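Trainee: This is a predicted model, with the sequence first.
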Amino acid sequence: MTDQRNMFLAIVVSMAILFGWDYFFTPDAPPPIGAVEAGQEWAAPTAGAALPMTQDLLAAIANPAADRASAIAADRRARISTESLHGSVPLTGLRFDDLTLVKYRETTDPESNEITLFSPADAPSPYYAEIGWASADPALALPSSTTEWSTVAQNAELSVDRPLVMTWDNDAGLTFKRTISIDNDYLFTVNDEVQNATNTAVSLFPYGLVTRVDIPEIQGFFILHEGPLGVFDETLKEVDYDDLKDTPLETVSSNGGWIGFTDKYWLAALAHDQSQQIEAAFRYRNQNARDHFQTDFLSTEATVIQPGRTAGAKTYLFAGAKRVELLDGYAEDLGISRFDLAIDFGWFYFLTKPFFYCLIWLQGILGNFGLAILALTVGLRLLLFPLANKQFRAMNKLKKLQPEMKKLQEKYADDNTRKNQELMELYKREKANPAAGCLPILIQIPIFFALYKVLFVTIEMRQEPFYGWISDLSAPDPTSIFNLFGLIPIDLPSFLAIGAWPIIMGITMFLQQKLNPAPTDPMQAKIMSFLPLIFTFLLATFPAGLVIYWAWSNSLGILQQWVIMRQPGAKS
């Protein structure tokens, strides 16, 4: 077993473990408490109450509108207008089913459409949130998706300084009042009150749900979770869309927490009173040949409205962009448990989040997210300089021993035991440690993956420009060597889109490899020589910010080794 093979295998195994763990396991995820077969009912009874069935959704999907705009125009609506959100709320049902994000566009063109988050049940891609009351008494008339609410104000509109206040009377002694408030970002606060004019107490259970039809385009591959998720009793639970199709119902009991759906950059999540016990659920069914997914919570603690009294419940709905400082602020101000876990910082959470805040700080100083990436990489290289020094010295010593190592391998080619013994004697005599170069690399691997994760998942890099031809650090390099970097006006398949930055990265990787001792095993040497080319093709489809980071990190590694090799004693 040679020194280089040890190092190579250590790196490969470490990468396999890290990627494999992120792909196959969800840390601290609780097992499902219950499951049902496909085709069974959505609603699971809790304390005698159950979530209302979404029959109108089934009817809407069977008879959809021509487009999203037509679906919205079919209802009387209260307009939503803030610095961050545009949309509306239907006065029938008071669902949250029309939201677009003002500050985020579909492309880098400032005139392109705003990102669409929510759409009505009869739109081509339904995605909406609903909040209401459930009861153990099936005869009790409660607000539903078909309820015609009355507005208190003459002109129904929701803005930061103008809450939307609606009422509904069930003609059986109960008056329901809903007050919807919104902040300047993405948080809705829903205050529900019930006035009881009957002569008996009424027990109601608050609920909230987020429903989504069809699996959206997944952007994160295996490095990022996109789909249903929530935090229950301080523990994150993530459920893949495909897994939910296999197990159509998973329920979790929790004290407080939150639940919803996450995309790479966007989140729709509900949070109820964090002191109350809830039963949360992840649900799936196939209807009319389309996939229906739902996340919901139902309070297991009844809100009791005594005769002649008024009682209520408060629910929060977050619907917008997953900005870290924003989620942290809501977690602190509202007590929403571990809300920042909506951003998939991964296994190295304790590194990724500090790296993120370092990038934001550097961006504020340098004025460009790309420059912040370069500056952070320099800082990390300086921090790890002592380890790199040790690594490069060990590798340099092994490089000088290569001629003798090769002679021993040729001399004892047919006797592996004797060959290994002689190699170990050589290492001992020359005071060379073949594993010395491995440990620093293993220590640096978590740092690399943590920074990689930050650059991949955070919305702050989305559509951020760099210099030259890079107008979006979160998108692949738009150039390609196969059309002479845009000089030849032809469209190329994605696997041929090998841009300038991936090529720069490959060159720096090749140069850095040349500074290291070559493997003595011919087959291993051939594999290693192809790695720069393989990585050039692999990273060509990655976000440009990641490729720039990798190329810059390689360049710093070359400079670092050049500096170390000129230190006194480096050649000894």
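Mentor: Ah, there it is.
Trainee: nearest residue to residue 171 other than its sequence neighbours?
Mentor: Among residues not flanking residue 171 along the chain, residue 141 sits closest, at 7.3 Å (C-beta to C-beta, 6 or more residues apart in numbering). For every residue, glycine as well, the C-beta is placed using N, CA and C.
Trainee: how deep is that neighbour tucked in, by neighbour count?
Mentor: 16 (other C-beta atoms under 10 Å).
Trainee: before we move on, what SS does it have?
Mentor: Under the three-state scheme (DSSP: H, G, I helix; E, B strand; the rest coil), residue 141 adopts coil.
Trainee: Would you mind measuring from it to residue 345?
Mentor: In this view, residue 141 and residue 345 are 46 Å apart by C-beta to C-beta, to the nearest Å.
Trainee: ditto for residue 200
Mentor: From residue 200 across to residue 345, the span is 50 Å (C-beta to C-beta).
Trainee: what about these two, which has more around it?
Mentor: Taking neighbours as other C-beta under 10 Å, residue 200 and residue 345 compare with residue 345 leading, 21 against 9.
Trainee: Check the residue nearest to the more buried one when sequence neighbours are not counted and give its pLDDT.
Mentor: Setting aside the residues directly before and after it, residue 345 is nearest to residue 352 in space (C-beta to C-beta, 6+ apart), at 4.1 Å. pLDDT, residue 352: 87.
Trainee: Packing partners of the helix or strand where residue 352 lies?
Mentor: According to DSSP states H and E, residue 352 maps onto helix 349-366. Judged by 3 or more C-beta pairs under 8 Å, 6 or more residues apart in numbering; DSSP states H and E, the packing partners of helix 349-366 are helix 324-334, helix 369-383, helix 438-457.
Trainee: 6 Å instead?
Mentor: The helices and strands touching helix 349-366, judged by 3 or more C-beta pairs under 6 Å, 6 or more residues apart in numbering; DSSP states H and E, are helix 369-383, helix 438-457.
Trainee: Which residues are in contact with the residue nearest to residue 345?
Mentor: Residue 352 is in contact with 345, 450, 453, 454, counting by C-beta atoms under 6 Å, 6 or more residues apart in numbering.
Trainee: among these, who's most crowded?
Mentor: When neighbours are taken as other C-beta under 10 Å, the top entry among these is residue 454 (28 neighbours).
Trainee: Need the contact partners of the helix or strand encompassing residue 561.
Mentor: Using DSSP H and E, residue 561 falls within helix 544-565. For helix 544-565, the surrounding residues in contact (C-beta under 6 Å, 6+ apart) are 373-374, 377, 381, 388-389, 392, 455, 461, 470, 473, 477, 501-502, 504-505, 508-509, 511-512, 515, 539, 570.
Trainee: Quick one: residues contacting the residue sitting furthest away from the middle of the chain.
Mentor: Distance from the C-alpha centroid of the chain peaks at residue 411, with 54.5 Å (C-alpha atoms, centre = their mean). Shown in contact with residue 411 (C-beta under 6 Å, 6+ apart): no residues.
Trainee: any idea how far residue 79 is from it?
Mentor: Per C-beta to C-beta, residue 411 is found 85 Å from residue 79.
Trainee: Then residue 139?
Mentor: 36 Å.
Trainee: again, but for residue 277
Mentor: Separation of residue 277 from residue 79 (C-beta to C-beta) stands at 37 Å.
Trainee: go on, residue 262?
Mentor: Distance, residue 262 to residue 79, using C-beta to C-beta: 27 Å.
Trainee: Same question for residue 90.
Mentor: Residue 90 sits 11 Å away from residue 79, going by C-beta to C-beta.
Trainee: So these two - more neighbours on which side?
Mentor: Comparing residue 90 with residue 79 by other C-beta under 10 Å, the one with more neighbours is residue 90, at 22 against 15.
Trainee: Would you agree the more buried one is in contact with residue 77?
Mentor: Yes. Counting by C-beta atoms under 6 Å, residue 77 is a contact partner of residue 90 at 5.3 Å.
Trainee: Just give the nearest non-adjacent residue to residue 317, would you?
Mentor: residue 188 (4.2 Å).
Trainee: The one you found: helix or strand, and which one exactly?
Mentor: strand 187-196.
Trainee: tell me the mean pLDDT for stretch 126-143?
Mentor: The average pLDDT within stretch 126-143 is 93.
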